[in-house]
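Q: Give me the fold of what follows.
(2 chains)
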Amino acid sequence: MFSKKRKDISSLHVPHNKNTAGCTPVAMACPKEVLLPMNMHYGAAAIPVVEVGDHVRVGQLIAREDETSISSPVHATISGTVVEIGPLALPNGKETTAIRIESDGKMELDPNVQPPKYPENLDEFLELCRLSGVVGLGGAAFPVWKKLDAARTAEIDTILVNGAECEPYITSDHRMMLDHSDLVADGMYMMKQFIGCKKCVICIESNKADAIALLREKFAGDDSMEVRELNTVYPQGAKQVLLYNVTGKVTMQGQRMANLGVLIINVSSLAKVAYYIRTGMPLVDRIVTVDGSAVAEPKNLIVPIGTRVSALLEEVGTKAEPGKVLIGGPMLGRAVGTLEDPIVKATSAILAMNKKDAKLSEPSACIHCGRCVAVCPMGVDPTTINKATLQEEADPKTRYEILIKAGTRQCIECACCSYVCPAHRPLMEVNKQGYAFARGYEKAQKGGVKA
Amino acid sequence: MSKLNVSVAPHIHSGASTQRIMMDVCIAMLPALLAGAYLFGLQALLVVAVCIAATVVGEFLFNLIAKKKQTIGDFSAVVTGMLLGLNLSTNVPLWQCAMGGLFAILLVKCLFGGLGQNIVNPAIAARVFMLLAFSAVAGGADPIRSIGGVELATGATPLAAETHPSLLTMLVGAHGGAIGETCAIALLLGYVYLVARKVIQWYVPLTFVATVFGLYLVFTGNVQEALFQVLAGGLLLGAIFMATDYVTTPITGRGRVFFCIGAGIITFAIRYWGSYPEGVSIAILCMNLLVPMLERLAKKTPLKGDNFHG
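A: Sure, this is the predicted structure:
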């Protein structure tokens, strides 16, 4: 099953820019306030259980999960007073509730933060995962308990721990593996114990040789634990790519990976779960890489979740006026409109680019060069999707069929196509529109059949 | 705090640009142009200059009149003009060169929607148009001097000649023909440059050339003859610069291989059985028209679960 001869489907070389790989994470100065949105995870928003004026301490539950759906609780990340519970506009035009806490500067721990009873079976383990508030810290923000819940209904053979960290600049997971290898190992043994998998493979790109060596040493003599060195090619850490490159398996959109006997979990998420089970401290902070051409001193910061982007930039200093500030990496990160946006659970990096790097190139005509087709790890045809998506006046059925055939459903939104396009066409973004159209069409068809 | 840019991901880029690719193609054609100027005299430069001027001015005026965004900055018109110029010989009157350039850019490219939209390669279409419209094009001129003391062969294209010049003469290009097609060494330099710059895939021109070589070997059983066929006429020029045109060839590597095999077969058929000595232009033109078919044959299938189980 683990043939080493299989050719990677990821093939793009992007500049690594891992400038902060040698920067041990340092705790940032206690922020004046934090803003905690209730939707920092995939699924239903958490429900606030505190009121304005309440005094809260680090680790205290301030919003419970919505039990009717997939959800995750939120905990206070600093000690202080709840000053506002109100609506927060999201970049996608929607709105969520957010809790604003003003710091008292003490960072007092909640006395209820006590190591929980060590779980004895899967159910107890999942319950603790649930309470920990840990979600996919790599970016997907899918609640960990729900992901692992699949082990109840499916036979899990292999757990892949994702430490690929293929996005340029970001070293958050890398530092987690180096500085908290105990937690990572602990988490992996917990996986083996509770999920009952035969094999636990931690997958790391070859540009993190120190982490690979450290973990190999840790697992020496244990055949159930494997440290897999991956080629450093983007998008190695995308879950479908990782799944294929390591196991040779493929999932279709909407198909559960668990049905193939595989689960993939981000390495930092795993470490945070282990941390909660050992100490009782839920997810309140995380390592955030702060870098970019406008940053004076790139650093890895340990940041209370909810801290505003502006506070992080103050901490590292800027040497030029930022023209663009990203939450996340340069390939897939989101450019913020305001520096008042908060760090959320899945924020692994803040990148401030100077004006020059923030400049945009105008898209021009497609020259049919085929770079996007060649680079796509999923074998999607971005050119055809692009054409079909933009032809809004065409017959919907034809358009839908072209989109599906060209692979709009297989797109993993890794941005390789946009990255290589010499005409600077926003191919990934257009595919998102194409996929939205295809889904809308499918829904309309289903509705039509019923009526 | 000034406004922050909130563009969509990705926020970095490979740095590839249409302009840079077109410039690379022009750079790759330079050795052939210089060799042509040396072999055929300065008139060669004049022919190419007139072609480039016609294509660039043509596109500029078209965009102006049609009120379209100005696109001459992408250098694609320069590529078309230069390629057309290299495909003509020095005995073509300059006004005919200008006509050819305008035909290529206006009729074949701009009226079909500009860069990326044309169905056939503008330079080739213009060359074939000129072959039919003006008799001088088909003739080919004699070189005025040779390179490094290699024997000089005269008399139109050697493809039509009774006896073949030596392979060395063919290699340095000291024989009759179009400006850019005779000097194989210069063309190969361009090939190496394009492959090194990752503008073209190395196997695309090779497939074309190998197909012609292989067919001649099978049908004549003569290695000398097969090698001669590779070096003669517009095969190298066509294989390196025209069968690799992104716009008018399939988008996948596999499709481009099919394209070149097809073009090779047609070239061979025209040269071997046909009455007309040169077949590359027409072969590529035919394959251009077959691109939608080839695209279907060589479609990449998206990674699917079923493909990889078991």
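
Q: Wait, a strand at B:Ala263?
A: No: per DSSP: H, G, I helix; E, B strand; the rest coil, B:Ala263 lies outside any strand segment and is helix.

Q: helix or strand for the nearest residue to B:Cys110 once chain neighbours are set aside, which one?
A: Leaving aside its sequence neighbours, B:Cys110 sits nearest to B:Phe62 (C-beta to C-beta, 6 or more residues apart in numbering or on different chains; 4.4 Å). Every residue, glycine included, has its C-beta placed from N, CA and C. Counting by DSSP states H and E, the element that carries B:Phe62 is helix B:43-65.

Q: Can you name the next helix or strand after that helix?
A: Following helix B:43-65 toward the C-terminus (DSSP H and E): helix B:76-86.

Q: Identify all contacting residues around the next helix or strand after that next one.
A: Sequence order places helix B:94-102 as the next helix or strand after helix B:76-86, per DSSP H and E. The contact list for helix B:94-102 (C-beta atoms under 8 Å, 6 or more residues apart in numbering or on different chains) reads B:46-47, B:50-55, B:58, B:80-81, B:84-85, B:88, B:126-127, B:129-130, B:133-134, B:136-137.

Q: just those residues that are near chain A?
A: Checking those against chain A by C-beta under 8 Å from any C-beta of the partner chain, not one of them is in range.

Q: Narrow these to just the buried residues.
A: B:47, B:50-52, B:54-55, B:58, B:80-81, B:84-85, B:88, B:126-127, B:129-130, B:134, B:136-137 (16 or more other C-beta atoms under 10 Å in any protein chain shown).

Q: re earlier: what's the angle from the helix holding B:Phe62 to helix B:94-102?
A: 40 degrees (axes from the mean of the first three to the mean of the last three C-alpha atoms, to 10 degrees).

Q: what about helix B:43-65, distance to the chain center?
A: 17 Å (C-alpha atoms, centre = their mean, to the nearest Å).

Q: immediately after whichever strand or helix holds B:Met170, which helix or strand?
A: Using DSSP H and E, B:Met170 falls within helix B:167-172. Next along the chain after helix B:167-172, taking DSSP H and E as the criterion, comes helix B:184-196.

Q: B:Ile72 - how many residues pack around it?
A: 18 (other C-beta atoms under 10 Å in any protein chain shown).

Q: Just list what the helix or strand where A:Leu243 lies packs against, helices and strands only.
A: Using DSSP H and E, A:Leu243 falls within helix A:239-247. Helix A:239-247 sits against strand A:158-163, strand A:199-205, strand A:225-230, strand A:262-266, with contacts defined as 3 or more C-beta pairs under 8 Å, 6 or more residues apart in numbering or on different chains; DSSP states H and E.

Q: Pairing partners for the longest one, with directions?
A: Just to be clear, that refers to strand A:199-205. Paired neighbours of strand A:199-205 in the sheet (DSSP bridges): strand A:158-163 (parallel), strand A:225-230 (parallel).

Q: which one of the ones you listed is the most hemmed in?
A: strand A:158-163 (a mean of 26; mean count of other C-beta atoms under 10 Å in any protein chain shown).

Q: Which helix or strand lies directly C-terminal to it?
A: Past strand A:158-163, the next helix or strand by DSSP H and E is helix A:172-179.

Q: ok, residues contacting that following helix?
A: Contacts for helix A:172-179 (C-beta under 8 Å, 6+ apart): A:18, A:20-21, A:23-25, A:138, A:162-163, A:165, A:183-184, A:202, A:204, A:208, A:210-211, A:214-215, A:266-268, A:271, A:286-289, A:300, A:348-349.

Q: now that helix: mean pLDDT?
A: The pLDDT scores in helix A:172-179 average 96.

Q: Now do that helix against strand A:199-205, angle only.
A: Using the same axes, to 10 degrees: helix A:172-179 against strand A:199-205 is 120 degrees.

Q: so how far is helix A:172-179 off the chain centroid?
A: 15 Å.

Q: List the buried residues for whichever helix or strand comes after it?
A: Where DSSP H and E defines the elements, the next helix or strand beyond helix A:172-179 is helix A:181-190. Residues of helix A:181-190 classed as buried: A:Ser181, A:Leu183, A:Val184, A:Ala185, A:Asp186, A:Gly187, A:Met188, A:Tyr189, A:Met190 (neighbour count, 16+ other C-beta under 10 Å).

Q: Disregarding flanking residues, what is the spatial nearest neighbour of the third one?
A: Read that as A:Val184. That would be A:Ala271: by C-beta to C-beta, 6+ apart, it lies 5.1 Å from A:Val184.

Q: try the first one
A: Residue nearest to A:Ser181 in three dimensions, not counting chain neighbours: A:Leu214, with 5.3 Å by C-beta to C-beta, 6+ apart.

Q: just to confirm, which helix or strand has that neighbour in it?
A: helix A:209-218.

Q: just B:Val199 next, same as before
A: B:Val199 belongs to no helix or strand, assigned by DSSP H and E.

Q: per-residue pLDDT, it?
A: The predicted local confidence for B:Val199 is 95.

Q: Now do the contacts for it.
A: B:Ile21, B:Asp24, B:Val25, B:Ala28, B:Thr244.

Q: Can you tell me the closest non-neighbouring residue to the spatially most central residue of chain A?
A: Central residue check for chain A by C-alpha atoms, centre = their mean: the C-alpha nearest the mean position is that of A:Gly139, 1.2 Å away. Leaving aside its sequence neighbours, A:Gly139 sits nearest to A:Ala346 (C-beta to C-beta, 6+ apart; 5.2 Å).

Q: how close does the one you found get to chain B?
A: 15 Å (C-beta to the nearest C-beta, to the nearest Å).

Q: My read is that that residue contacts A:Val135, right?
A: Yes: contact criterion C-beta atoms under 8 Å: A:Ala346 and A:Val135 qualify, at 6.6 Å.

Q: show me where pLDDT drops low in chain A?
A: A:1-5, A:252-254, A:448-451 (pLDDT under 70).

Q: Show me the domain layout of it.
A: Domain assignment for chain A by automatic domain parsing gives A:27-112+A:285-356, A:122-279, A:371-450.

Q: May I see those domains arranged in a markdown table, with distance to B:Asn222 as well?
A: What follows is the domains of chain A, written out as a markdown table (distance: least, C-beta to C-beta, whole Å):
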| stretch | distance to B:Asn222 |
| --- | --- |
| domain A:27-112+A:285-356 | 55 |
| domain A:122-279 | 47 |
| domain A:371-450 | 38 |
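
Q: quick one: which of those domains is nearest A:Val14?
A: With respect to A:Val14, and counting by C-beta to C-beta, the nearest of those is domain A:122-279 at 4.8 Å.

Q: what about the closest one, how long is it end to end?
A: Terminal residues of domain A:122-279 lie 19 Å apart, using C-alpha to C-alpha, to the nearest Å.

Q: Low-confidence ranges, the stretch 101-250 of chain B, go.
A: Ranges of the stretch 101-250 of chain B meeting pLDDT under 70: B:136-139, B:155-157, B:160-162.

Q: Number of residues surrounding A:Ala296?
A: The number of residues near A:Ala296, taken as other C-beta under 10 Å, comes to 12.

Q: Quick one: residues contacting the nearest residue to it once chain neighbours are set aside.
A: The shortest distance from A:Ala296 to any non-neighbouring residue, by C-beta to C-beta, 6+ apart, is to A:Gly317 (3.7 Å). Counting by C-beta under 8 Å, 6+ apart, A:Gly317 touches A:Val295, A:Ala296, A:Glu297.

Q: picking that back up, quick one: buried residues of the helix or strand that contains the residue nearest to A:Val184?
A: According to DSSP H and E, A:Ala271 maps onto helix A:267-279. For helix A:267-279, the neighbour count (16+ other C-beta under 10 Å) marks A:Val267, A:Ser268, A:Ser269, A:Leu270, A:Ala271, A:Lys272, A:Val273, A:Ala274, A:Tyr275, A:Tyr276, A:Ile277, A:Arg278 as buried.
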